[in-house]
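>>> Any chance you can model this:
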Amino acid sequence: MVQAPTLTQAGRRRVAAIDIGTNSIHLLVAEVDPELCSFSVVLAEKATTRLGERDPHTGELSAEAIERAFRTLRHDRDLALSHGVEQIVTAATSAVREAPNGRDFLVALQEQLDLDVDLVSGPEEARLIYLGVLSGMAFGDQPHLIIDIGGGSTELVLADGRDGRSFSSTRIGAVRLQREFCQQDPLSADRRSFLQAYIQGALDPAVAEVKAALRPGEQPLMVGTSGTAMALAALAAAEDPKPPLKLQGYRLSRERVDQLTARLLAMSPEQRRALPAINDRRAEIIVPGALILQTAMAMLQVRELVVCDRALREGLIVDWMLRNGLLGDRFAFQSTIRQRTVLHLAQSFGVDRARADRVAVHALSLYDQSRGLLHHDDGPGRELLWAAAQLHTCGKSINISAYHKHSWYLIRHGELLGYSEAEHRMVAAIGRYHRRSLPKKRHESWQLIEDRDQRRTVASMALLLRLAAALDRRPAAVIAGLRVQSLSGAVSIALEPAAPPPGQPEMDLSLERWSLRSCGSVVQEACGLGLRVPEP
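Predicted coordinates:
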């Protein structure tokens, strides 16, 4: 087992994961925070090694593929060790487990590179993919149907936020089908029909298993991971009027997948390679991959796909955390994903946690007491308000001047796992508008919030955050609580001072009352209400 001295901050631990796939080898270096039970990605690299291009007669890994893999893995090992990882966890999937000389290859890796590689089965590969997705998406109560189309196999997982119900692996993948069925390119109509029938037959057992695990009336959300799904999402997103900043959480309708597949089928290899959204190697294997996805969506009768950029390599990190006692329960890990990712981002920008917590408490108290008065949100905005309260000062890490604008940029470009793209934009905008001007049409942060209801939520939550932030004038906690009342044409916010230290007079909150009253014009403009801040 390769180990090295750690180079992390106190309490942090670094670990590397290597995924030896049929088409590519992926390296991920992660920094684990035991306190937050979370990890952040320090480094991610991918190399196309094409282990799936095996000898057509013997099925063995070719000497050329082995040489490419060794060269890449030596580089990955050295790079991981240079980052101070305490362990490198490595898994090999379908190409290696099916090759007659696959185990010889793994023995050579251990002897020559000191890499202990776990040769995972198909169901175990599906489980690790599930753990990776679990670390990057909030499942809630809705069942999720994960499809991972690799080079040599396709994994299907049915799970919800509490349990994994079905783990299956099918021996069809983009590289395997390209090699066996796509010598003619573009495919003729007859060859395409044959390939679609072959894919359907191969998927039948896995699809039947998934359907048997679904409860009456359940409508699962399909999640696509890895190369094919991400490539199709990239192609679709490139044509959007406002392309997303990240593909994580991007949604593709079944009709859109059908359209993209039809276009790709009609293209020559040269035309596909000319597409700027995908690289040359992906262009070679995108057609069979797209046909697998299209067929699976039709067989499972799902109308939409959401893409997730986490998969097996992140699953290896989560599995390492579980085995090392850093996660008590993977489902508890899932249930707090949104809170942990916010706190992790706040920590990375040096946010004063105690002050952010106080602002969040005040903001949520205002939310709970002023429904129907300062806002008309029915629930979703509360969690976005909490996230924005934790992050609203992160822009101070760049510059104290106009820090709210820097906060918007940092939140917008940061990683908020478990949040949709729209929610991510909303959190950033709430943080942006907690001070200075109200939203204006010319602001990019406002233009990105296109939905009218979402704009209404952002405006009202930003107002509550503005009021809560106005109470945070001193490093120490001086306010024990607040009380909101409706007056005729106005809203009253009374402040309760914190208990003073023994022998000291009661806290003087004149500074906080003055600060709160300074928000009166904004409250009037936003809600048409006056603001009263009574004296004690």
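>>> Distance from the chain centre to the longest helix seen in the chain, please.
If you go by DSSP state H, the chain has its longest helix at helix 189-213. Relative to the chain's own centre, helix 189-213 is displaced by 29 Å; criterion: CA atoms, centre = their mean, to the nearest Å.
>>> If we ignore the residues flanking it in sequence, what's nearest Arg281?
Residue nearest to Arg281 in three dimensions, not counting chain neighbours: Thr48, with 4.9 Å by CB to CB, 6 or more residues apart in numbering. C-beta: built from backbone N, CA, C; applies to glycine.
>>> What confidence value was assigned to Pro536?
Note for Pro536: predicted pLDDT of 85.
>>> Quick check: it vs Leu509, distance?
Computed as CB to CB, to the nearest Å, the Pro536 to Leu509 distance reads 8 Å.
>>> More neighbours: which of the two?
Leu509 (21 against 12; other CB atoms under 10 Å).
>>> Tell me who's in contact with the more buried one.
478-479, 495, 497, 536 (CB atoms under 8 Å, 6 or more residues apart in numbering).
>>> Between those residues, which sits nearest Ile317?
Ile479 (40.6 Å; CB to CB).
>>> Quickly list what that closest one is bridged to.
Beta-bridge partners for Ile479, by DSSP bridges, are Pro497.
>>> Residue numbering should commence at 151 henceforth.
Understood, numbering begins at 151; the last thing we discussed is Ile629.
>>> mind listing what it touches?
By CB under 8 Å, 6+ apart, the residues touching Ile629 are 508, 512, 621, 645-648, 659, 662.
>>> Ok, Asn173 next?
Neighbour list for Asn173: 198-202, 300-301, 324-325, 377, 431, 435 [criterion: CB under 8 Å, 6+ apart].
>>> can you rerun that using 10 Å?
Asn173 makes contact with 196, 198-203, 245, 300-302, 323-326, 328, 376-377, 431-432, 434-435, 439 under the criterion CB atoms under 10 Å, 6 or more residues apart in numbering.
>>> Can you identify the element that follows the one helix or strand Ser671 maps to toward the C-terminus?
Assigned by DSSP states H and E, Ser671 belongs to helix 670-677. Counting by DSSP H and E, the next helix or strand C-terminal to helix 670-677 is strand 680-682.
>>> List the strands paired with that following strand, with their directions.
Strand 680-682 has its sheet partners listed here by DSSP bridges as strand 640-647 (parallel).
>>> For whichever helix or strand comes after the partner strand, give me every contacting residue.
Toward the C-terminal end, the helix or strand that comes next after strand 640-647 (DSSP H and E) is helix 660-667. By CB under 10 Å, 6+ apart, the surrounding residues in contact with helix 660-667 are 616-624, 628-629, 632, 643-645, 647, 659, 673, 681-686.
>>> Buried subset of those, written for PyMOL?
In PyMOL syntax, the buried subset of the contacts of helix 660-667 is picked out as below (16 or more other CB atoms under 10 Å):
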select buried, resi 616+617+618+619+620+621+622+628+629+632+643+645+659+673+681+683
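>>> what's Leu337 in contact with, if anything?
Leu337 makes contacts with 331, 343-346, 415-416, 437-438, 441, as judged by CB under 10 Å, 6+ apart.
>>> any chance of the residues you listed in JSON lines, plus distance to Ile550?
Putting those into JSON lines (distance: CB to CB, whole Å) gives the following:
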{"residue": "Phe331", "distance to Ile550": "61"}
{"residue": "Ser343", "distance to Ile550": "65"}
{"residue": "Phe344", "distance to Ile550": "66"}
{"residue": "Leu345", "distance to Ile550": "60"}
{"residue": "Gln346", "distance to Ile550": "60"}
{"residue": "Leu415", "distance to Ile550": "56"}
{"residue": "Ala416", "distance to Ile550": "56"}
{"residue": "Val437", "distance to Ile550": "53"}
{"residue": "Pro438", "distance to Ile550": "54"}
{"residue": "Leu441", "distance to Ile550": "55"}
